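A.B. asks: Pasted the sequence and its predicted model underneath.
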There are 2 protein chains.
Amino acid sequence: MSVSAIVAAAGQGRRMGDLGNKQLLLLGGKPVLARTLEVFESSRLIDEVVLLAPEELVDTYRSVLVDKYGFQKVRRIVPGGLERQDSVYKGLEAVDPKADLVLVHDGARPLVTVDLIRRVVDAALIDGAAGAAVPVKDTVKRVGPDLTILETPPRDSLWLMQTPQVFSCRLLFKAYQEAVAAGLRATDDSMLVERLGVPVRVVPGSYENIKITTPGDLAQAEAILAKREKWSGNGSDWDGL
Amino acid sequence: MSVSAIVAAAGQGRRMGDLGNKQLLLLGGKPVLARTLEVFESSRLIDEVVLLAPEELVDTYRSVLVDKYGFQKVRRIVPGGLERQDSVYKGLEAVDPKADLVLVHDGARPLVTVDLIRRVVDAALIDGAAGAAVPVKDTVKRVGPDLTILETPPRDSLWLMQTPQVFSCRLLFKAYQEAVAAGLRATDDSMLVERLGVPVRVVPGSYENIKITTPGDLAQAEAILAKREKWSGNGSDWDGL
């Protein structure tokens, strides 16, 4: 059984303002994306990593991340497309054709753990499609175009989807091909698979598996990292949940 | 026109672990709750503040917050009930009976601004019921009891509700009385009002108006506060949105 990972880091990260590409900001002294890649490097389940990069940063990612940190599993750095969905499709085409499962992960979620990767891969082995998610903590409202509240959906059935998301390679290919044919845009990969009528399994992730998009998120990530280093050896994903 | 504010700070804040009551943790050198109360103290729209406290902390809140910082508008400190909803109801009973509008705010959202308070009060003056919220950034899934995804609701209609929420005083009283009669539990005040068939207006808030429930949230709040102090004079709520 072989698993290829696609790490999506081709976005422009405009929310960081002047601070530049979020993937290269330092988190505990290392670039955010280096933190992410080192988790995949140390997961024994992952056979190769296809890294998606903004076109103008392909060489930078190679020198300041892959070569500098010696990531052996990063086989290809693929320039991304216009949006995340276009980029992931390009990544999918670059994956080892013999891979059984393909994992998609946001480069800006550096606090993913080897344990969470394992649990999502395990679920996908059984069900063919699985993704990390956490229960919604806030009250969600369905709001009309006139900004009045239409409904408060029951909170206990709502989850916030994260990555990693793992799928049988053939299934995700099919989902992308049909999405392209239908001109469909989705906000995550799971949505394209759900659309085929295939049930996707939710794997309880961690509130610590945050996506870094603002300077405040980076500060939060520093605090989580500091706590983990203080408590290292614990290894549980669940203490934030 | 008079506005009474209920500041909900009666929870136990169990997510902070050993760090103790989250309301008393320091944020930029002052207790979180002092930061919250000082925003209400400086808003010209707010006539009085009813502060909800855990029963064992009523005296502490009075000495280390209200007396120490000289908050003139905090007229009553009311011991809370079993859950947030019970506490807010007790606060509602302690509000000046001549108040036209009542505002409910989480004590653990210290990064609220005078401007956001004004915009929600303005909306409630027109519509009778309004609350701050932000568009959902993550993909939300509706998930079944067996942890398979049932549906991806369209993200562009989903908002995360925050506080402040502002209502006509009579309307909120009625909503609470009917909820008690029906034995209904809700995750926010708006939900009790929606249930009466009254449309509640959404006021675009700020992603910076976070609720502090974990040590990571506190670190994020420190970063936002530092940025605001650097850019002080800007005053816009919108740069995080």
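C.D. replies: That came through, no problem. This structure is a prediction, so every number in the text was calculated from the model and none was measured.
A.B. asks: Show me which residues of the lowest-mean-pLDDT helix or strand in chain A are buried.
C.D. replies: In chain A, the helix or strand scored least confidently by mean pLDDT, DSSP states H and E is helix A:215-230, which has a mean of 89. Across helix A:215-230, burial judged by 16 or more other C-beta atoms under 10 Å in any protein chain shown covers A:215-225, A:227-228. Where you see a C-beta, it was placed from the backbone N, CA and C, and this is true even at glycine.
A.B. asks: near chain B, which of the residues you listed show up?
C.D. replies: Restricting these to those touching chain B (C-beta under 8 Å from any C-beta of the partner chain) yields A:215-224, A:227.
A.B. asks: and the two most separated of the residues you listed?
C.D. replies: Farthest-apart pair in these is A:215 and A:227; separation 19.3 Å (C-beta to C-beta).
A.B. asks: ranges for the strands of chain A?
C.D. replies: Using DSSP state E, the strands of chain A run over A:3-8, A:26-27, A:30-31, A:48-53, A:74-79, A:101-106, A:129-135, A:140-143, A:149-151, A:158-168, A:201-204.
A.B. asks: could those strands go into TSV alongside mean pLDDT, mean neighbour count and distance to chain B?
C.D. replies: What follows is the strands of chain A, written out as TSV (pLDDT from 0 to 100; neighbours: other C-beta atoms under 10 Å in any protein chain shown; distance: least, C-beta to the nearest C-beta, whole Å):
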stretch	mean pLDDT	mean neighbour count	distance to chain B
strand A:3-8	98	26	14
strand A:26-27	96	16	12
strand A:30-31	96	19	18
strand A:48-53	98	26	18
strand A:74-79	97	18	23
strand A:101-106	98	26	11
strand A:129-135	97	25	6
strand A:140-143	97	21	5
strand A:149-151	96	17	5
strand A:158-168	97	25	4
strand A:201-204	98	20	5
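A.B. asks: which one of those strands lies closest to residue A:67?
C.D. replies: When these are compared (using C-beta to C-beta), the closest one is strand A:74-79, at 9.6 Å.
A.B. asks: Which strands or helices does that closest one pack on?
C.D. replies: Using 3 or more C-beta pairs under 8 Å, 6 or more residues apart in numbering or on different chains; DSSP states H and E, the elements in contact with strand A:74-79 are strand A:48-53, helix A:84-94.
A.B. asks: Export the longest one to CSV, keeping only CA atoms.
C.D. replies: When you say that, I think you mean helix A:84-94. In CSV, the C-alpha atoms belonging to helix A:84-94 read as follows (Å, rounded to 0.1, in the frame of the first residue of the first chain):
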residue,chain,number,x,y,z
ARG,A,84,-6.4,25.9,-4.9
GLN,A,85,-8.5,23.5,-6.9
ASP,A,86,-6.5,24.0,-10.1
SER,A,87,-3.3,23.6,-8.1
VAL,A,88,-4.4,20.3,-6.5
TYR,A,89,-5.4,18.9,-9.9
LYS,A,90,-2.0,19.7,-11.2
GLY,A,91,-0.5,18.0,-8.1
LEU,A,92,-2.7,14.9,-8.7
GLU,A,93,-1.3,14.6,-12.2
ALA,A,94,2.2,14.6,-10.8
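A.B. asks: Distance-wise, check residue A:190 relative to chain B.
C.D. replies: Going from residue A:190 to chain B by C-beta to the nearest C-beta, to the nearest Å gives 7 Å.
A.B. asks: do residue A:62 as well
C.D. replies: From residue A:62 to chain B the distance is 30 Å (C-beta to the nearest C-beta).
A.B. asks: How many residues are close by that residue?
C.D. replies: Residue A:62: 15 surrounding residues under other C-beta atoms under 10 Å in any protein chain shown.
A.B. asks: ok, back up a step: looking at the helices and strands packed on strand A:74-79, which is nearest to residue B:39?
C.D. replies: helix A:84-94 (37.0 Å).
A.B. asks: Which residues does that closest one contact?
C.D. replies: A:6, A:8, A:10-11, A:50, A:52, A:76, A:78-81, A:102, A:104, A:172-173, A:176, A:179-180, A:185-186, A:189 (C-beta atoms under 8 Å, 6 or more residues apart in numbering or on different chains).
A.B. asks: related to what we said a few turns ago, tilt between the least confident helix or strand of chain A and helix B:215-230?
C.D. replies: 140 degrees (axes from the mean of the first three to the mean of the last three C-alpha atoms, to 10 degrees).
A.B. asks: for helix A:215-230, packing partners?
C.D. replies: strand A:26-27, helix B:215-230.
A.B. asks: Let's have the ones you listed in CSV, adding distance to residue B:140.
C.D. replies: Listed next are these as CSV, based on distance: least, C-beta to C-beta, whole Å:
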stretch, distance to residue B:140
strand A:26-27, 27
helix B:215-230, 20
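A.B. asks: wait, which of the ones you listed is closest to residue B:153?
C.D. replies: helix B:215-230 (25.7 Å).
A.B. asks: The closest residue to residue A:87 other than its chain neighbours and residue A:23: what is the separation?
C.D. replies: Of all residues not flanking residue A:87 in the chain, residue A:80 sits nearest, at 3.4 Å (C-beta to C-beta, 6 or more residues apart in numbering or on different chains). Here residue A:80 is placed at a distance of 12 Å from residue A:23 (C-beta to C-beta, to the nearest Å).
A.B. asks: Would you mind telling me which of these two has the busier surroundings?
C.D. replies: Legend: neighbour count by other C-beta under 10 Å for residue A:80 and residue A:23, higher for residue A:23 (30 against 24).
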